[in-house]
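J.: fold the following for me, if possible:
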Amino acid sequence: MRVIVVGAGVVGTMHAWHAVERGHEVVQIERETEARGASLRNFGQIWVSGRAGGEELETALRARELWEGIGARIPELGFRAIGSLTPVRNDLELAVAEAALNRPDAAARGYKLLTPDEARAANPALRGAFQAALWCERDAAVEPRTAQLVLKQALLRSGRYTFIGGREVREVIGENAVRDDHGDVHTGDAVVLCTGAWLGGLVKELVPDLPVRRVRLQMMQTEPLGEALTTSVADADSFRYYPAYASDALDALNAAQAQEPTAAAHKMQLLMVQRRDGGLTIGDTHEYEHPFAFDVVEEPYEHVARVAESFLGRPLPKIRHRWAGVYAQCTDTSRVVHRQQVRDGVWLVTGPGGRGMTCSPAIAETTANELGW
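T.: As a prediction, the model looks like this:
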């Protein structure tokens, strides 16, 4: 079988990976010379802890398993089974963490409530004050800025993979074929459009009422910390954002403890992960209303820096990079992804939202199974 994959972000690349793994020939077409969207502009987290139960958690756990296997084969991917800690500072936040422990799927996530001493034993860099910390053993990380590149190199070594960069697919031609902006037609037995947050042009023509929206976020990265941050770190505002923490205790937290004004205005949480070079990736914000701002604003960076420093008990290293990114999210946020046959032999797969890096291997596996690859 010959599979045409449009889009070289992590979702598209994982579709290419599964097709090659199953013995098929793949042509992957990317409108940039290399992927440059949300698949690079993220934390690199394989984030199981906050996922909703049912399909979303099952997808995340299966993807976590797949990431670990791929990472064992490709060490340059930087897969690290580091887990995560969410420190809590008062009884309201602690109650939300305790409620999470009572979920029927808590064991599958690897939840455990740690004392401050236990949390610092797991992550000695956390020298700030907190009352307890929610540990999630199943969380992990890869290197987002290089993951697609090393996966592409592995695919090229298969001898059944062709990458075509700098080509924008403009048109679906008949069955199982697309035409790019150079006029070349690419024909296969199946075409999968994994266009990420690029929802205009061809995608809008194919699905005018696509139930997917775009979300903008701001993040930053520091110089090396100078010591190991041995787990991912989140703050209690992440309880408000991730569906796994929904509970009466969360309702009580929301009613009695408002977010800081900057965090509320920019729909923020703290997430912090260390890169292999020692720097910290820190964020993030969420902007849903279009048109998006064209600039980044400083107040959210100041907020997450303050929160990060309060957990670390020390100043952050110098900020090296600041950026904004845009990802695609199903408008029904309970859906893991939007997968739709849009023409004979042509499928669109988009909208995983902030779950793309986490869930992409399992999303692509499901596509491969459903299409009978």
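J.: specify the beta-bridge partners of the closest residue to residue 371 other than its chain neighbours.
T.: Nearest residue to residue 371, sequence neighbours excluded (CB to CB, 6 or more residues apart in numbering): residue 190, at 5.8 Å. (C-beta placed from N, C-alpha, C; glycine too.) Following DSSP bridges, residue 190 is listed with bridge partners residue 3.
J.: burial measure for residue 190, as a count.
T.: Neighbour count of residue 190, defined by other CB atoms under 10 Å: 22.
J.: my guess is it contacts residue 1, does it?
T.: Yes: with contact defined as CB atoms under 8 Å, residue 190 and residue 1 form a contacting pair (7.0 Å).
J.: touching both of the two, which residues are there?
T.: Both residue 190 and residue 1 are in contact with residue 373, where contact means CB atoms under 8 Å, 6 or more residues apart in numbering.
J.: now do residue 114 against residue 83, distance only.
T.: 11 Å (CB to CB, to the nearest Å).
J.: what do these two both touch?
T.: Overlap between the contact sets of residue 114 and residue 83, as judged by CB under 8 Å, 6+ apart, is given by 122, 135.
J.: roughly how far does residue 123 sit from residue 364?
T.: Separation of residue 123 from residue 364 (CB to CB) stands at 32 Å.
J.: what's the answer for residue 354, then?
T.: 17 Å.
J.: for residue 266, same thing?
T.: Distance, residue 266 to residue 364, using CB to CB: 32 Å.
J.: more crowded one of the two?
T.: Per other CB under 10 Å, whichever of residue 266 and residue 364 has more neighbours is residue 364, with 29 against 19.
J.: just the helices in this protein please.
T.: 10-21, 55-73, 91-101, 106-109, 116-122, 144-157, 201-206, 237-241, 248-256, 261-265, 298-312, 356-370 (DSSP state H).
J.: quick one: closest of the ones you listed to residue 167.
T.: Ranking the helices of the chain by their distance to residue 167 (criterion: CB to CB) puts helix 201-206 first, at 12.5 Å.
J.: helices or strands up against the closest one?
T.: Helix 201-206 makes packing contacts with strand 169-172, strand 190-193, strand 346-350 when contacts are defined by 3 or more CB pairs under 8 Å, 6 or more residues apart in numbering; DSSP states H and E.
J.: and it, what's buried?
T.: 202, 203, 206 (16 or more other CB atoms under 10 Å).
J.: quick one: which of the residues you listed is nearest residue 36?
T.: Nearest member of the buried residues of helix 201-206 to residue 36, counting by CB to CB, is residue 203, at 17.6 Å.
J.: who are the contact partners of the residue nearest to residue 41 when sequence neighbours are not counted?
T.: Nearest residue to residue 41, sequence neighbours excluded (CB to CB, 6+ apart): residue 325, at 3.3 Å. Shown in contact with residue 325 (CB under 8 Å, 6+ apart): 37, 38, 41, 42, 216, 217, 219.
J.: so what sits opposite residue 325 in the bridge?
T.: residue 217.
J.: and the pLDDT at it?
T.: Looking at residue 325, its pLDDT reads 93.
J.: for residue 364, see how far away it is.
T.: Distance of residue 325 to residue 364, computed by CB to CB: 21 Å.
J.: please apply the same query to residue 148.
T.: Distance from residue 148 to residue 364, counting by CB to CB: 13 Å.
J.: residue 341 too?
T.: 16 Å.
J.: got it, and residue 22?
T.: Applying CB to CB to residue 22 and residue 364 gives a distance of 11 Å.
J.: related to what we said a few turns ago, out of the helices of the chain, deepest packed?
T.: Highest mean neighbour count among the helices of the chain (mean count of other CB atoms under 10 Å): helix 10-21, with a mean of 27.
J.: just how off-centre is it within its chain?
T.: Helix 10-21 has its C-alpha centroid displaced from the chain centroid by 16 Å (CA atoms, centre = their mean, to the nearest Å).
J.: that one packs against which elements?
T.: The contact analysis (3+ CB pairs under 8 Å, 6+ apart) places helix 10-21 against strand 2-6, strand 25-30, helix 144-157, strand 346-350, helix 356-370.
J.: residues making contact with the third one?
T.: Just to be clear, that refers to helix 144-157. Contacts to helix 144-157, defined as CB under 8 Å, 6+ apart, come from residues 8-10, 13, 16-17, 20, 26, 28, 34-35, 39-44, 70, 73-74, 76-78, 161, 163, 281, 357.
J.: for residue 94, find the nearest of the helices and strands packed on helix 201-206.
T.: Of all the helices and strands packed on helix 201-206, strand 346-350 sits nearest to residue 94, with 38.2 Å by CB to CB.
J.: show me what that closest one is packed up against.
T.: Packed against strand 346-350 by the contact rule (3+ CB pairs under 8 Å, 6+ apart) you find helix 10-21, strand 190-193, helix 201-206, strand 338-343, helix 356-370.
J.: can I get stretch 29-39 in PDB, CA atoms only?
T.: The C-alpha trace of stretch 29-39 is given here as PDB (Å, rounded to 0.1, in the frame of the first residue of the first chain):
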ATOM      1  CA  ILE A  29       4.200  16.300   2.300                       C
ATOM      2  CA  GLU A  30       4.800  19.400   4.400                       C
ATOM      3  CA  ARG A  31       4.100  23.000   3.400                       C
ATOM      4  CA  GLU A  32       7.200  24.200   5.400                       C
ATOM      5  CA  THR A  33      10.700  22.800   4.800                       C
ATOM      6  CA  GLU A  34      10.300  21.100   8.200                       C
ATOM      7  CA  ALA A  35       7.400  21.100  10.800                       C
ATOM      8  CA  ARG A  36       7.300  24.400  12.600                       C
ATOM      9  CA  GLY A  37       3.900  24.500  14.300                       C
ATOM     10  CA  ALA A  38       2.500  23.400  17.700                       C
ATOM     11  CA  SER A  39       4.300  20.000  17.500                       C
END
